[in-house]
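**Student:** 3D model of this:
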Amino acid sequence: ASEHLIFYPWIPMIISPTMRAAVGLWVLFAGFSAVLSHSLEYVYLEPDQSTSVPDGWKIVEKVAEDEPLMLTFALKQQNVDQLEDIFWSVSDPKDESYGKHLSLHEVAALVQPSNETIAEVGKWLEMAGVTECSTIITKDFMQCSMTARQAQKLLGNVQFNRYTDGQRKTIRSEVKYRVPKHLKDHLDFVGGVHRFPAGLRLKREDMGNHSNPLGHIGIYPTIIRERYNISNEVGQHPDNSQCTPQFLEQFYHKRDLDVFWRWYGKGYVHRDDVDVVVGDVADGMSGIEASLDTQYILSTGNNITTWFWYTAGRHEQQEPFLQWLIDLSNMENAPLVNSASYSDVEASVDPDYMRRVNTEFMKAGTRGLTLLFASGDDGAGCKDNKRFEPQFPSSSPYVTTIGGTAFIKPFGIGEEQGYDISGGGFSNVFPMPEYQKEHVAHYFDTADKDKMPPEEYYTKTGRGYPDLAAVSNHYWVVNNMVPVPGVLGTSASCPVIAGILAHVNDYRLRSDLPPLGFINPLIYQNAEKLTDVTKGYNAGCDLSEYYDRGFYAAEGWDPVTGLGNPNFPPLLELSMKAASNHL
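**Tutor:** Got it, this is the predicted structure:
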């Protein structure tokens, strides 16, 4: 049976008198509120953040001034350069510190904001009458309750409205927020003001009316397990764990799993249900995204402790993805492998926000956590039919991004090709990380020049993605007790690879070795241990000669399938050897 997890409690923050005395830096002086209201210069913290209302959302009403709101304040961290150095050291098999991960409390001691930052932000909030705040173990996020009137005054007269997409409601401002200029050195951003809830929504395709007694119709667990050579694997270690964080308002239900196991659970040992539920999972209709994630991470990472981490719907200011990152920094024993289906257009997100999110990724990797993100389902993407649109966090150098493939022979279990939906390309914001430079250079040197898109469509020196890929179409998913065929998306390939990596962790833990953590240096240094995918392409812009084609798969790394598919036995061998070399 599932258990509902209790977090470390949010810690009452600096507004309390006892904390003021502990910090010892509170300087409250006469006339400060007048200065706050009339004399301070204001600056925009996220000047490049899009405030436009996304397609599908519409305004419902203006938020009443006395309505309660909840905002998140990302306090400036200390020693971020040191954190990054440690992140790379513990992730690189060639480094003597490989696998020597830090605990959450060690990370907190490194990055927690300075006393000055805590005091300045706290003073600003208190002078605005905001006193109900809490923080987390790392002390680099605060969440504060206030009225809309207080929030609008605090943030330079923003205007909060309620919006809906027909299913969800959220409160956001189309007016950009500002803070006093002196706080620019103490705050990275304020959450719950601009970014609308995002996430990948699965698609379906018609598999036709086929009857093929010599093959299979669609993708189900035993197909996945045979293809990636995990048919005989069974998780054993009690401290191993895997997770599917959920950012849409979607739930899984045990009754769907019961049906799924009856149809697709034969021939291998598996758990009947997830083990840990974070958040309030409603009793009602299940969502197909949540159903897919739970069914395929449980069946691929079979018999491994599995979490369902639900962050959506706590309050209308919430950014579910950001909330997950905050909660991750407040949990000592977080799940070791995390498969996330979350994607946003890179150009729509402020670079300063993305850099802070990258720091959160580094905090996780430094602790030995593996973060996988689906690469997106729009291929290379296209803006105004003349430039590709990379996705974030797919484009982050600090996570592992998973693309999508399809079987060349759909009724067999064999060679794969890049699937046109597979998100892939090059970041316009983040430079290419060292670990992939040699592989990407080979791609450009050897790719068929006649099939390359125009260079003005992408940033050749940016972080290339994805890193790995797996089958992403024709999945069978049980949703609301009905087997649903033809489910597709990189949201399907991501939990599959998560389950495979969780099995690698299981062997490591059984041998008293550290978990994988951030895997990109390991896999790029050992690309020959993966199954290269050299056929296929992803969608792009409408080019006259190559209609709707972005990049082509090629020998070695490519921006459709990355380094290729996992093959469990050689992947396990190299992972065990890398860890054993540093005992």
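**Student:** now the stretch 251-400 of the chain, which segments are flagged as low pLDDT?
**Tutor:** Within the stretch 251-400 of the chain, the segments meeting pLDDT under 70 span 313-318.
**Student:** just the strands in it please.
**Tutor:** Secondary structure of the stretch 251-400 of the chain (DSSP state E, counting those that start in this stretch): strands at 276-278, 306-310, 337-340, 344-345, 370-374, 391-392, 400-407.
**Student:** same check, this time on the stretch 51-200 of the chain
**Tutor:** 58-62, 68-75, 132-135, 141-147, 160-164, 169-173, 179-180, 187-191.
**Student:** Output the strands of the stretch 251-400 of the chain as TSV; include the columns distance to residue 190.
**Tutor:** C-beta here means a position set from N, CA and C on the backbone, and glycine is covered the same way. Output for those, formatted as TSV (distance: least, Cβ to Cβ, whole Å):
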stretch	distance to residue 190
strand 276-278	25
strand 306-310	24
strand 337-340	23
strand 344-345	18
strand 370-374	24
strand 391-392	19
strand 400-407	28
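**Student:** With respect to residue 193, which of these lies nearest?
**Tutor:** strand 344-345 (15.6 Å; Cβ to Cβ).
**Student:** any idea how far that closest one is from the chain center?
**Tutor:** 12 Å (Cα atoms, centre = their mean, to the nearest Å).
**Student:** now stretch 140-154
**Tutor:** With Cα atoms, centre = their mean, you get 26 Å for stretch 140-154.
**Student:** would you put the C-alpha positions of that stretch in CSV?
**Tutor:** C-alpha atoms of stretch 140-154 as CSV (Å, rounded to 0.1, in the frame of the first residue of the first chain):
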residue,chain,number,x,y,z
ASP,A,140,17.4,29.8,-0.1
PHE,A,141,13.7,29.9,-0.7
MET,A,142,11.0,31.7,1.3
GLN,A,143,7.3,31.3,0.8
CYS,A,144,5.1,34.1,2.2
SER,A,145,1.4,34.6,2.6
MET,A,146,-0.1,38.1,2.0
THR,A,147,-3.0,39.9,0.5
ALA,A,148,-3.2,40.9,-3.1
ARG,A,149,-3.0,44.5,-2.0
GLN,A,150,0.3,43.9,-0.1
ALA,A,151,1.7,41.9,-3.0
GLN,A,152,0.9,44.6,-5.5
LYS,A,153,2.4,47.3,-3.4
LEU,A,154,5.5,45.1,-2.7
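**Student:** Would you tell me which of the strands of the stretch 51-200 of the chain gets closest to residue 246?
**Tutor:** Of all the strands of the stretch 51-200 of the chain, strand 169-173 comes closest under Cβ to Cβ, at 16.2 Å.
**Student:** Tally up the residues packed near residue 279, please.
**Tutor:** If you count neighbours by other Cβ atoms under 10 Å, residue 279 ends up with 21.
**Student:** Without its sequence neighbours, what residue ends up closest to it?
**Tutor:** Closest residue in space to residue 279, ignoring its immediate chain neighbours: residue 310 at 3.3 Å, by Cβ to Cβ, 6 or more residues apart in numbering.
**Student:** Residue 73 now?
**Tutor:** Distances taken as Cβ to Cβ, 6+ apart place residue 142 nearest to residue 73, at 4.4 Å, with adjacent residues excluded.
**Student:** Enumerate the beta-bridge partners assigned to the one you found.
**Tutor:** Note on residue 142: beta-bridge partners by DSSP bridges are residue 73, residue 135.
**Student:** For the nearest residue to residue 329 once chain neighbours are set aside, which residues are in contact?
**Tutor:** Nearest residue to residue 329, sequence neighbours excluded (Cβ to Cβ, 6+ apart): residue 138, at 4.6 Å. By Cβ atoms under 8 Å, 6 or more residues apart in numbering, the residues touching residue 138 are 104, 107, 108, 111, 112, 329, 330, 363.
**Student:** how about the residue nearest to residue 73, what does it touch?
**Tutor:** Taking Cβ under 8 Å, 6+ apart, we find residue 142 in contact with 13, 72, 73, 75, 121, 133, 134, 135.
**Student:** Give me the pLDDT for it.
**Tutor:** At residue 142, the predicted lDDT confidence score is 95.
**Student:** Kindly provide the distance from it to residue 134.
**Tutor:** Residue 142 sits 7 Å away from residue 134, going by Cβ to Cβ, to the nearest Å.
**Student:** quick one: low-confidence ranges for this protein?
**Tutor:** 1-39, 199-216, 313-318, 542-547, 583.
**Student:** where does residue 423 land in three-state SS?
**Tutor:** Assigned by DSSP: H, G, I helix; E, B strand; the rest coil, the conformation of residue 423 is coil.
**Student:** That one - how many residues pack around it?
**Tutor:** For residue 423, the number of neighbouring residues by other Cβ under 10 Å comes to 33.
**Student:** could you list every residue that touches the nearest residue to it once chain neighbours are set aside?
**Tutor:** Leaving aside its sequence neighbours, residue 423 sits nearest to residue 376 (Cβ to Cβ, 6+ apart; 2.9 Å). Going by Cβ under 8 Å, 6+ apart, residue 376 touches 200, 343, 391, 394, 423, 490.
**Student:** If you count contacts, what does the strand or helix carrying residue 487 end up packed against?
**Tutor:** Assigned by DSSP states H and E, residue 487 falls within strand 482-488. When contacts are defined as 3 or more Cβ pairs under 8 Å, 6 or more residues apart in numbering; DSSP states H and E, strand 482-488 packs onto strand 203-204, helix 288-300, strand 475-479.
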